[in-house]
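Student: What follows is a predicted protein model with its sequence.
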Amino acid sequence: MTSNRRHTENNDRDGRATRRVALATLSGTVLEGYDFFVYGTTSALIFNSQFFPSLSPTAGTLAAFSTFAVGFAARPVGGLVFGHFGDRVGRKGTLVVSLLMMGIATTLIGLVPNYAVIGVWAPVLLVLLRFVQGIALGGEMAGATLLSMEHAPDGRQNLFAGFPQMGTPAGLVLANLVILTTGAVMPDAAFTAWGWRIPFLLSAVLVVVGLFVRLRVTESPSFASAVAHDKVVANPLAESLKVGFPRLTTTLFAAVASGAVGYVFMVYGLSYGTSTVGFDRQFLVLCVTAAAAVWCCLIPFWTTIADRFGRRRMFLAGSVALLVAGSAFLPLMDSGSRAVTLVAFLLMGLVMPITHSVQGAIIADTFPVHVRYSGSSLVMQTGAIIGGGLAPMIAVALQDATGSSLGVTFYAGGISLVSLVAAVLMFRMTPGAAVVAAPVPAPEPQSEAV
């Protein structure tokens, strides 16, 4: 009886610890997603007039989106730095630092004077702080995915790796709700002049909450095992490249459509809908918020399906669905109908989580444990530049060049097709070849190999 009671108590304690890790990784990515998307939404709606007033509307929007893209250019830097220390020092400490960096940079953006006050220094400071945001996020997503996945009970790796992925849509929902509320309680002129700063300043409060939760988690058992077996290497990034160029490139391109199509609908859709179609700002922000809420709520469903039935067919089917939905999004908006446009956004919210929910686990399983942070960061953040960071700028340039949404539609469909082909090739490779062939510090439960 005593032995059974002790076993039950240990299981309960392990279960609480595992749930705490899931909450910590989710809360951290939500807050980092909030900070990142507050900038994205504001750059689409406000920054052209506040920081680039001397440019034409199109040039000003391109300039605003270029500062948005700077964050993505910085993400590989953050991924490499945090990945290196995450594989050598530990997952937990690097994630605490990334959260602090993001919160401080976001708060300071809310304090940067506009162009009318300090001239060219305004966009310069904006770009510098955006770069810090990108470094922080570059270290966050891979690390949070690994910390949650490596604490997961056997057979639930996809579910736990999916919790940090929820931070992207949940952060977007939180950011847009704060922006909507701020805009609703003050006149448009006041919001454009100074009210947009409030969501940035609130980051200082939110980061305290995230730190409180994150500091209470334990280090990854997989990393602890690597340390115990003396498998920590001096250059984890170089070691991670040994999985081979074909596996790296197919994994990279399989994930780029999620970012590209996602940022077309989350960020570019706001600019296009207000400036070209003629919808009001509040309606479009509500549409994006509703879509992101659907996206967030469906991630646990799809990750549970992946754990139970496998993720290969699910990911391929999701890639096809993303191709269709991404190609239909702007033509549906062009109808000018509020109802049809809302359907277009909700369709994106339904489709996005199918691939996005498991791509973190797929990327992580490409690499052995002791270099997993570095390798995952490299793939995730390179994909973020190719897919996400350039998408709004490319979309604006294509729309301006063609005078319609046709070019952007072909872009969304084309990059989705590239990801679909890459996913097919990736899944045809020897399952788990990289993970099996590389030295792993100790046996651990793995999600379905890709």
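Tutor: Yes, it's here.
Student: Could you use CA atoms for every contact and neighbour count after this?
Tutor: OK.
Student: does F315 count as helix, strand or coil?
Tutor: The three-state label given to F315 by DSSP: H, G, I helix; E, B strand; the rest coil is helix.
Student: What residues does it make contact with?
Tutor: Residues in contact with F315 (CA atoms under 8 Å, 6 or more residues apart in numbering) are I354, T355, V358.
Student: Might one say that the first one is in contact with L316?
Tutor: No. Contact status for I354 versus L316: not in contact, 9.2 Å apart, counting by CA atoms under 8 Å.
Student: and those two? which has more neighbours close in?
Tutor: Taking other CA atoms under 10 Å, I354 and L316 do not tie; I354 has more neighbours (27 against 20).
Student: right, and the secondary structure at the nearest residue to that one once chain neighbours are set aside would be what?
Tutor: Nearest residue to I354 in three dimensions, chain neighbours excluded: G318, at 5.1 Å (CA to CA, 6 or more residues apart in numbering). What three-state DSSP gives for G318 is helix.
Student: G318 - how many residues pack around it?
Tutor: Neighbours of G318 under the rule other CA under 10 Å: 20.
Student: That one: what's it in contact with?
Tutor: Neighbours of G318 in contact, by CA under 8 Å, 6+ apart: V351, M352, I354, T355.
Student: Report the separation between it and A325.
Tutor: Distance of G318 to A325, computed by CA to CA, to the nearest Å: 10 Å.
Student: now swap in S404 and tell me
Tutor: Distance check for S404 against A325: by CA to CA, it reads 18 Å.
Student: now do F36
Tutor: Going from F36 to A325 by CA to CA gives 24 Å.
Student: Which one's more surrounded, those two?
Tutor: Each of F36 and A325 has its neighbours counted (other CA under 10 Å); F36 has more, 26 against 23.
Student: Read off the pLDDT value for the more buried one.
Tutor: Model confidence at F36, given as pLDDT, is 72.
Student: Which residues are in contact with each of G318 and A325?
Tutor: Residues touching both G318 and A325 (CA under 8 Å, 6+ apart): V351.
Student: Contacts only, for the spatially most central residue of the chain.
Tutor: The chain has T168 as the residue nearest its centroid, 4.8 Å off, counting by CA atoms, centre = their mean. Listed by CA under 8 Å, 6+ apart, the contact partners of T168 are T29, V30, G33, Y34, C296.
Student: What does it show for phi and psi?
Tutor: Backbone torsions for T168, taken as degrees, to the nearest 10, come to phi -60, psi -60.
Student: Could you measure from it over to N114?
Tutor: 28 Å.
Student: same question, I363
Tutor: Distance from I363 to N114, counting by CA to CA: 40 Å.
Student: So between these two, which is more surrounded?
Tutor: More crowded of I363 and N114, by other CA under 10 Å: I363, with 25 against 22.
Student: The more buried one: which element?
Tutor: Secondary structure from DSSP states H and E places I363 in helix 338-364.
Student: Next: G375.
Tutor: Going by DSSP H and E, G375 is in helix 372-383.
Student: Would you mind checking the average pLDDT for that helix?
Tutor: The predicted model assigns helix 372-383 a mean pLDDT of 88.
Student: nearest spatial neighbour of T18, skipping sequence neighbours?
Tutor: Once flanking residues are discounted, T18 sits nearest to H151: 6.0 Å by CA to CA, 6+ apart.
Student: Just say helix, strand or coil for that neighbour.
Tutor: Assigned with three-state DSSP, H151 falls in the coil class.
Student: Surely it touches T218?
Tutor: No. H151 is beyond contact range of T218, at 9.3 Å (criterion: CA under 8 Å).
Student: Overlap in contacts, those two.
Tutor: Contact criterion CA under 8 Å, 6+ apart; residues shared by H151 and T218: V21.
Student: who's more crowded, these two?
Tutor: Legend: neighbour count by other CA under 10 Å for H151 and T218, higher for H151 (25 against 15).
Student: Going along the chain, name the helices of the stretch 1-150 of the chain.
Tutor: Along the stretch 1-150 of the chain, the stretches classed as helices by DSSP state H, counting those that start in this stretch are 2-45, 47-51, 57-88, 91-109, 115-118, 121-149.
Student: Name the stretch among these that sits most buried.
Tutor: Using mean count of other CA atoms under 10 Å, the stretch among the helices of the stretch 1-150 of the chain with the largest mean neighbour count is helix 121-149, at a mean of 26.
Student: Just checking the distance from that helix to the centre of its chain.
Tutor: Distance, stretch centre to chain centre, for helix 121-149: 11 Å (CA atoms, centre = their mean, to the nearest Å).
Student: now stretch 410-420
Tutor: For stretch 410-420, the separation from the chain centroid amounts to 19 Å (computed by CA atoms, centre = their mean).
Student: what's in contact with that stretch?
Tutor: Stretch 410-420 is contacted from outside by 253-258, 260-261, 264, 316, 319-320, 322-324, 326-327, 395, using CA under 8 Å, 6+ apart.
Student: again, but for stretch 142-155
Tutor: Applying CA under 8 Å, 6+ apart, the contact partners of stretch 142-155 are 18, 21-22, 25-26, 28-29, 79, 83, 86, 91-92, 94-95, 157-158, 160-165, 219-222, 307, 360-361, 364, 372-373, 376-377, 380, 445-447.
Student: Over to stretch 385-399?
Tutor: The list of residues contacting stretch 385-399 from outside it, by CA under 8 Å, 6+ apart, reads 58, 61-62, 65-66, 68-73, 75, 256-264, 267-268, 405-408, 411.
Student: again, 7 Å this time
Tutor: The contact list for stretch 385-399, computed with CA atoms under 7 Å, 6 or more residues apart in numbering, reads 62, 65-66, 69, 72-73, 256-257, 259-260, 263-264, 267-268, 405, 407-408.
Student: Phi first, then psi, for the residue nearest to T18.
Tutor: Per degrees, to the nearest 10, the backbone of H151 is at phi -100, psi 0.
Student: Please, where are all the helices along the stretch 351-450 of the chain?
Tutor: For the stretch 351-450 of the chain, helices defined by DSSP H, counting those that start in this stretch occupy the ranges 372-383, 391-402, 406-428, 433-437.
Student: Since that was my last question, I'll sign off now.
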